[in-house]
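K.L.:
here are the coordinates; sequence isn't available:
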């Protein structure tokens with residue numbers, strides 16, 4: 001919300017009033033220090049004010065401040081010059097997604113809590129306007145963001161991460177990005193933003209079919225270790241390229257009690273396989289899952305999907321004992337687990 005600017009000039013109706021009686025004590029330091037006049041602020045301070053009020057969806061904050069006087073108009077000229085094309089980019093993106101900007105910026109009405117921009121043909125070229133929209137204060141109350149089945153790639157993921165790092169969508173709970181081809185680099189960018197603790201209310205992250213491997217999952221594990229996602233409940237990583245290395249990194253978070261709220265973990269159609277190998281044992285990733293469940297490190301887990309046509313007996317047994325629903329995925333299909 002834009003800061004209100006108050007004039008220090010007295011109304012003429014009060015100009016003839018007698019002066020107040022002289023104080024018997026010496027004014028304190030706080031009383032002697034008058035608040036600085038806005039037009040007397042340094043260029044560095046004005047640059048900070050400009051950055052705080054710079055909002056491509058709500059441009060009137062900065063423009064109204066510039067209208068207060070000629071000095072402010074000159075000081076904010078560069079910010080206003082940059083804001084105009086950015087506002088056009090944000091407006092064009094909203095129109096592309098069949099959502100007029102007026103439906104997002106709806107002062108005095110119910111704030112936007114859900115944004116359904118899936119299957120909109122968004123690509124890497126939409127990265128900048130997507131960043132401008134998602135960082136806007138107009139989406140301060142957003143809780144659910146659906147961007148799946150686009151073509152955002154790593155550039156789009158980086159744009160989302162940038163908006164998050166800039167303080168956008170602080171109350172987001174559910175983020176769906178599956179089938180966007182964000183890859184390891186995209187998840188690394190998002191995880192870096194998560195690790196800074198600016199998305200502490202996030203509960204669900206859908207990353208199915210994104211070309212993600214162990215490097216991306218390890219970066220996400222670092223965000224969990226940093227305590228950036230303290231109430232996380234559901235993680236969808238199906239149909240990626242994750243091996244036992246990535247799964248072991250996630251289970252490391254569990255062993256350090258960073259996944260105590262996790263209810264759903266989907267790992268089907270990855271490189272980690274829940275079948276017994278030729279020597280009668282499962283791979284290291286599955287063994288790590290078994291260990292985490294058995295040791296009580298995933299106390300809230302209710303649903304687990306893994307890869308394989310059959311399931312390692314130990315995994316099946318520990319899920320049965322903890323009343324965890326276990327399913328296997330083969331070729332994109334998910335079936336209830338059998339030993």
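P.N.:
That came through fine. Only a predicted model underlies this, so the values are computations on that prediction, with no experimental measurement involved.

K.L.:
Just give the closest residue to residue 130, not the sequence neighbours.
P.N.:
Nearest residue to residue 130, sequence neighbours excluded (Cβ to Cβ, 6 or more residues apart in numbering): residue 159, at 4.8 Å. In short, each C-beta sits where N, CA and C put it, glycine included.

K.L.:
for the helix ranked longest in the chain, which positions count as buried?
P.N.:
Counting residues, the longest helix found in the chain (DSSP state H) is helix 77-96. Of all the residues in helix 77-96, those buried under the rule 16 or more other Cβ atoms under 10 Å are 79, 80, 83, 86, 87, 89, 90, 91, 93, 94.

K.L.:
list the helices and strands that helix packs on?
P.N.:
When contacts are defined as 3 or more Cβ pairs under 8 Å, 6 or more residues apart in numbering; DSSP states H and E, helix 77-96 packs onto helix 43-53, helix 60-66, helix 101-104, helix 127-134.

K.L.:
mean confidence for the longest one?
P.N.:
The average of the pLDDT scores along helix 43-53 is 62.

K.L.:
what does stretch 83-93 give?
P.N.:
Stretch 83-93 carries an average pLDDT of 89.

K.L.:
likewise stretch 233-252?
P.N.:
On average, stretch 233-252 scores 96.

K.L.:
what's the span of that stretch, first residue to last?
P.N.:
The first and final residues of stretch 233-252 sit 17 Å from each other (Cα to Cα, to the nearest Å).

K.L.:
can you list contacts of stretch 110-130?
P.N.:
With contact meaning Cβ atoms under 8 Å, 6 or more residues apart in numbering, stretch 110-130 is reached by 56, 89-90, 92-93, 96-99, 103-104, 106, 138-156, 158-160, 163, 176.

K.L.:
Could you measure from the residue nearest to residue 93 when sequence neighbours are not counted over to residue 105?
P.N.:
Closest residue in space to residue 93, ignoring its immediate chain neighbours: residue 129 at 3.9 Å, by Cβ to Cβ, 6+ apart. Separation of residue 129 from residue 105 (Cβ to Cβ, to the nearest Å): 15 Å.

K.L.:
try residue 302
P.N.:
Relative to residue 105, and taking Cβ to Cβ, residue 302 is found at 39 Å.

K.L.:
what's the answer for residue 301, then?
P.N.:
In this view, residue 301 and residue 105 are 40 Å apart by Cβ to Cβ.

K.L.:
which of the two has more neighbours?
P.N.:
residue 301 (23 against 19; other Cβ atoms under 10 Å).

K.L.:
correct me, but the more buried one touches residue 266?
P.N.:
No - applying Cβ atoms under 8 Å as the test, residue 301 and residue 266 come out as separate, 11.6 Å apart.

K.L.:
what's the nearest residue to the residue positioned nearest the centre of the chain if we skip its chain neighbours?
P.N.:
By Cα atoms, centre = their mean, the mean C-alpha position of the chain lies nearest to residue 164, the distance being 4.6 Å. Sequence neighbours aside, residue 193 is the residue nearest to residue 164 in space, at 4.2 Å (criterion: Cβ to Cβ, 6+ apart).

K.L.:
What of residue 329?
P.N.:
Using Cβ to Cβ, 6+ apart, the closest residue to residue 329 is residue 268 (2.4 Å).
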